[in-house]
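K.L.:
need a structure here:
(one chain, ligands or ions: 1)
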Amino acid sequence: MKIYILGISAFYHDSAAALLCDGEVLAAAQEERFSRIKNDPQFPSKSIEFVLKYANISIRDVDYVVYYDKPFVTFERLIASYLSNAPRGFKSFLISFPLWIKKKLFLKKILYKRLLQFDEKFSVKKILFSEHHLSHAAGSFYSSCFDEAIVLTVDAVGEWATTSVAIGNGKSLKIEKEIRFPHSLGLLYSAFTYYLGFKVNEGEYKLMGLAPFGKPIFVDKIKKHLIDIKSDGTFRLNLDYFDFVTGLKMTNKLFDELFGQSVRDGQSDIFEDFHADIAASIQVVTEEVLLLLTRNLAKEYKIKNLCLSGGVALNCVANGKLLDDGSFENIWVQPSPGDSGAAIGCALAAWHIQLDQPRNLKKIETFPSQYLGPKFSNDEVTLFLDAIGSSYSVCADDQLFDLTADALANGKIVGWFQGRMEFGARALGNRSILADPRNPEMQEKLNLKIKFREGFRPFAPVILSEMANEWFEIDRESPYMLFVRIVLKVKRLAVSGQQKELTIQQKLKQLRSKIPAVTHINYSARVQTIQKRMNPKFHSLISSFNQITGCPILVNTSMNVRGEPIVCTPSDAYKLFMSTGLDIIVIENCILYKKDQFPKLPIEFSH
Ligand SMILES: [Fe+2]
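P.N.:
Numbers count the residues shown, from 1 in each chain. Prediction:
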């Protein structure tokens, strides 16, 4: 008899569902992909529907449903934070309290009610809860190929923990120590995200992208006034400058006064050197904390493997620094380390810890697939394309690779929609927008005409795994774009002009390498290495591009526009194709050229 476990992450941000069958992840998806609401926090009904349908089972066949957090403990934190700060924060308490009472405190009842909608005989006894940081840690450790590892989880906050250290050994995983709310590295980074006018829980990537344009001139100020970092990397925040505990904002007036400017207006597109300097400074402080923590953990436990999880593990610049630091021989970052990935983590925790099931250790070169979402057959795609009257042709695989590679080499921007949708924040070649990285205009064109987002944001390269070290300083696989690497000197171009006197916009226009569209101002790149085994079609396409151009690299950015989730269905993809500057879209074996489409056909598919 197979054992099915359904993991659920919901009600905070980026809800998701994951289905395990005998400990293996069969399917997983974020609710935003179906609801089309970015980071949708609602109960993931549609994701659950999908994972059950994928496994061809009903909720009745599911043995356990695991929620990724313990709501009673979180509530205790809320009350305790209020009491220790009273009467400050009464306003936020008044807002939070009824919401908690109504929604989260009685979560078991709510979950039960929602699951009854799938099956009126669903048993409440099947519902389990996993601690938040244990869910994160389990997601990382149990998906790694390490028998033994230190697991460092760093996020905004779980129930109480904001940073935790667990030791994984075989099937056992135990949290050894933690730093507790309100002292949180994730919240500190988010406070700066807020200060720079970006949306918290979404804009942290933008802050990281802006950082290389600045100088870290505020590091001392941050360390003197905002965060007290001990020599072992543990830290305490000075809450005088933050409002996240008691108020409804991340930072306060004192914070503004400290840096001499008020919170940046997110609507304004102007970034001054000041903003870049702020971004550079908090990035350096974050890296310093993570480096101190990991160096000390390596010394203390003498374990050579490190697993990372929690939202802060999405900081691929910091991850790259940890790799270079060499305190650990191996570093594994859960490919979806944020809260959505905790849906996989809590299910894995239930399987190995609560059900005491052994691990099936993978080989070191075996990377778990992130292609865990829905897929669409050629028949389904052509049915859809015929129904809307689009113009397309169907090609065999080889012809498809040649035509697409040729178009890319000629400067076209291509939507590439294949197989199962990716789980997590990154598109890894199945819901991707692709372009020629050698083209000097491509970064600006992609940012402004396709993604409708800030011009400074860098794009990531995908490179044939077997040629990665000919272009980047890289000595291992990076299949999920979670590590920043440096472009090799031989591929760089000399940059002229006094850098100090240039604006961010001027610096952006300078060509720094033979692949300018994916080379950041400091020669860094968020590399994805692609092995044939992991995605044969994507690998073949890049190989064809390499044959034509001698460049085994493409720009790979997710198929979405600013503020929208990555596309899920052929219909989502077609809408995006028709409302952006994409030249071509390939959906399974169908190739569509923009010039052949009737622009207003049908009306709901044009913007
Ligand atoms: Fe978290």
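
K.L.:
what sits against whichever residue of the stretch 301-450 of the chain sits closest to the ion?
P.N.:
The nearest approach of the stretch 301-450 of the chain to the ion comes at D339, 4.6 Å away (CB to the ion). C-beta coordinates here come from the backbone N, C-alpha and C atoms, glycine included. With contact set as CB atoms under 8 Å, 6 or more residues apart in numbering, D339 has these partners: S9, Y12, H13, D14, A16, Y68, D155, G311.

K.L.:
Shouldn't it be within a strand?
P.N.:
No: if the criterion is DSSP: H, G, I helix; E, B strand; the rest coil, then D339 is coil and not within a strand.

K.L.:
So which of the contacts of D339 are in strands?
P.N.:
Using DSSP state E, S9, A16 are the members of those that sit in strands.

K.L.:
Nearest to G209 among the contacts of D339?
P.N.:
For those, the minimum distance to G209 (CB to CB) is 16.2 Å, reached by G311.

K.L.:
is it true that the closest one touches S336?
P.N.:
No: using CB atoms under 8 Å, G311 makes no contact with S336, being 10.4 Å away.

K.L.:
more neighbours, these two?
P.N.:
Taking neighbours as other CB atoms under 10 Å, G311 and S336 compare with S336 leading, 32 against 24.

K.L.:
is it true that that one touches F423?
P.N.:
Yes: the criterion here is CB under 8 Å, and S336 meets it with F423 at 5.7 Å.

K.L.:
contacting residues for the residue lying closest to D273 once chain neighbours are set aside?
P.N.:
Closest residue to D273 apart from its sequence neighbours, by CB to CB, 6 or more residues apart in numbering: G214 at 6.6 Å. Shown in contact with G214 (CB under 8 Å, 6+ apart): D273, H275, A276, D277, I278, A279, A280, S281.

K.L.:
rewinding a little: overlap in contacts of S336 and F423?
P.N.:
I344, Q370.

K.L.:
Look up how far A18 lies from the closest residue to the ion within the chain.
P.N.:
For the chain, the residue closest to the ion is D155, as judged by CB to the ion, at 3.6 Å. From D155 over to A18 the distance is 18 Å, taken as CB to CB, to the nearest Å.

K.L.:
more crowded one of these two?
P.N.:
Of the pair D155 and A18, A18 is the one with more neighbours under other CB under 10 Å, namely 34 against 26.

K.L.:
The more buried one is in what secondary structure piece?
P.N.:
Secondary structure assignment for A18, by DSSP states H and E: strand 16-21.

K.L.:
Now do the phi/psi pair for L306.
P.N.:
phi -120, psi 130 (degrees, to the nearest 10).

K.L.:
residue contacts, the nearest residue to it once chain neighbours are set aside?
P.N.:
Leaving aside its chain neighbours, L306 sits nearest to F328 (4.1 Å; criterion: CB to CB, 6+ apart). Contact analysis of F328 by CB under 8 Å, 6+ apart lists I150, T294, A298, K304, N305, L306, L322.

K.L.:
Same question for Q531.
P.N.:
Contacts of Q531 (CB under 8 Å, 6+ apart): S465, E477, P479, H539.

K.L.:
quick one: pLDDT of it?
P.N.:
For Q531, the model assigns a pLDDT of 96.

K.L.:
Give me the distance between it and Y205.
P.N.:
Using CB to CB, Q531 is found at 25 Å from Y205.

K.L.:
which SSE is V25 in?
P.N.:
Per DSSP H and E: strand 24-30 holds V25.

K.L.:
mind listing what's buried in that strand?
P.N.:
Going by neighbour count (16 or more other CB atoms under 10 Å), the buried part of strand 24-30 is V25, L26, A27, A28, A29, Q30.

K.L.:
Following element in sequence after it, please.
P.N.:
helix 31-35.

K.L.:
Could you give the separation of whichever helix or strand comes after that next one from the chain centroid?
P.N.:
Sequence-wise, the next helix or strand beyond helix 31-35 is helix 45-55, with elements assigned using DSSP H and E. Averaging C-alpha positions (CA atoms, centre = their mean, to the nearest Å) puts helix 45-55 21 Å from its chain's average.

K.L.:
Also stretch 349-357?
P.N.:
What separates the centre of stretch 349-357 from the centre of its chain is 26 Å, taken as CA atoms, centre = their mean.

K.L.:
For the stretch 151-300 of the chain, what lies in contact range of the ion?
P.N.:
Contact residues, the stretch 151-300 of the chain versus the ion (CB under 5 Å from the ion): D155.

K.L.:
now swap in the chain and tell me
P.N.:
Counting by CB under 5 Å from the ion, the chain sits next to the ion at D155, D339.

K.L.:
And the residue nearest the centre of the chain?
P.N.:
A425 (3.3 Å; CA atoms, centre = their mean).

K.L.:
Check the residue of the stretch 301-450 of the chain closest to the ion and give its pLDDT.
P.N.:
Looking at D339, its pLDDT reads 94.

K.L.:
how about I5, what does it touch?
P.N.:
Applying CB under 8 Å, 6+ apart to I5 gives the contacts L19, L20, V62, D63, Y64, V65, V66, A347, A350, W351.

K.L.:
Tell me how far it lies from K125.
P.N.:
Applying CB to CB, the value for I5 to K125 is 14 Å.

K.L.:
hmm, which two among the buried residues of strand 24-30 are most spread apart?
P.N.:
Every pair of these checked by CB to CB; the farthest is L26 and Q30, at 15.9 Å.

K.L.:
related to what we said a few turns ago, okay, and which of the contacts of D339 map to helices?
P.N.:
Among the contacts of D339, no member falls in helices (DSSP state H).

K.L.:
would you turn the contacts of D339 into CSV with pLDDT and distance to G563?
P.N.:
Output for the contacts of D339, formatted as CSV (pLDDT from 0 to 100; distance: CB to CB, whole Å):
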residue, pLDDT, distance to G563
S9, 96, 21
Y12, 83, 19
H13, 83, 14
D14, 91, 14
A16, 98, 19
Y68, 94, 25
D155, 93, 23
G311, 94, 19
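
K.L.:
Can you select the buried ones among the contacts of D339 for me in ChimeraX?
P.N.:
Selecting only the buried members of those in ChimeraX, with burial defined as 16+ other CB under 10 Å, works like this:
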select :9,12,13,14,16,68,155,311
